[in-house]
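Participant: no FASTA, just this:
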C-alpha cells in the first residue's frame, strides 16, 4: 500500500532505517528541462549525439524534435531528490549508494517539467550491524503525468543505535 507520510513534523530529527515503512511514497519539487541544460550537459559529458543537439536531424527522427540526454534526466532526478524533505531527514544516516538501475520508457523534451515520485519498495538488514538497505523506486514524471524515467536506487543507511539486533 502506498502512503504519503507528512515529514514536516520531524524538524530537527534524523531518520534511520527503522523509521521508514515499505510503501511510503514521497514527491519532489519540479524542474523544467531547458535548452541550456541540454547544451551544458552535452559540453560536460562530451555527448553530442545529434538527437540532443541538432534540431534539423532530430526533426526527422521518430521523436520529431530534440530530446534531453537520458543521463541528464537521471542527474536532475538526483538533484530533485536532494530537495525533498525525505532527504533532509535521511541524509545524516546515508552511508552510500549501492546500486542504481534505470529505464527510459518515454523521451524528455526541452521544455518538459519533471518531478520525482519516490516509493520505498523494500528494506532489509545487512550482515553488518548498524546498517540496512533501503530500495527506492524512483519515477521521473513529466507535466503530462507520463513516466519518462523509472528506476531503482539501493541505499546503505544507518540503523537506529541500539536497534540493530
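Facilitator: Perfect, thanks for sending it. The shown structure was predicted, so the numbers you read here are calculated from the model rather than taken from an experiment.
Participant: surely residue 66 and residue 109 touch.
Facilitator: Yes: the criterion here is Cβ atoms under 8 Å, and residue 66 meets it with residue 109 at 7.2 Å. Yep, even glycine has a C-beta here, placed from its N, CA and C like the rest.
Participant: which one's more surrounded, those two?
Facilitator: Neighbours around residue 66 and residue 109, counted as other Cβ atoms under 10 Å, are more numerous at residue 66. The numbers are 22 against 17.
Participant: residues near the closest residue to that one other than its chain neighbours, how many?
Facilitator: Nearest-residue entry for residue 66: residue 58, 4.3 Å, with adjacent residues in sequence omitted and distances by Cβ to Cβ, 6 or more residues apart in numbering. A total of 20 residues lie near residue 58 under the criterion other Cβ under 10 Å.
Participant: and the residue nearest the centre of the chain, what does it touch?
Facilitator: For the chain, the residue sitting closest to the mean C-alpha position, by Cα atoms, centre = their mean, is residue 77 at 3.9 Å. Contact analysis of residue 77 by Cβ atoms under 8 Å, 6 or more residues apart in numbering lists 114, 116, 138, 140, 149, 151.
Participant: where's the first one, which helix or strand?
Facilitator: Translated: residue 114. The secondary structure element spanning residue 114 is strand 113-125 (assigned by DSSP states H and E).
Participant: same check on the third one?
Facilitator: Element membership of residue 138 [criterion: DSSP H and E] is strand 131-141.
Participant: cool, and residue 57?
Facilitator: Here residue 57 is covered by helix 55-59, with elements defined by DSSP H and E.
Participant: quick one: contacts of that helix?
Facilitator: So helix 55-59 is in contact with 50-52, 64-67, going by Cβ under 8 Å, 6+ apart.
Participant: not counting sequence-adjacent ones, nearest residue to residue 159?
Facilitator: residue 17 is the one closest to residue 159 (Cβ to Cβ, 6+ apart), at 4.7 Å.
Participant: from memory that neighbour sits against residue 155, does it?
Facilitator: No: here residue 17 does not reach residue 155: they are 9.5 Å apart, not a contact under Cβ under 8 Å.
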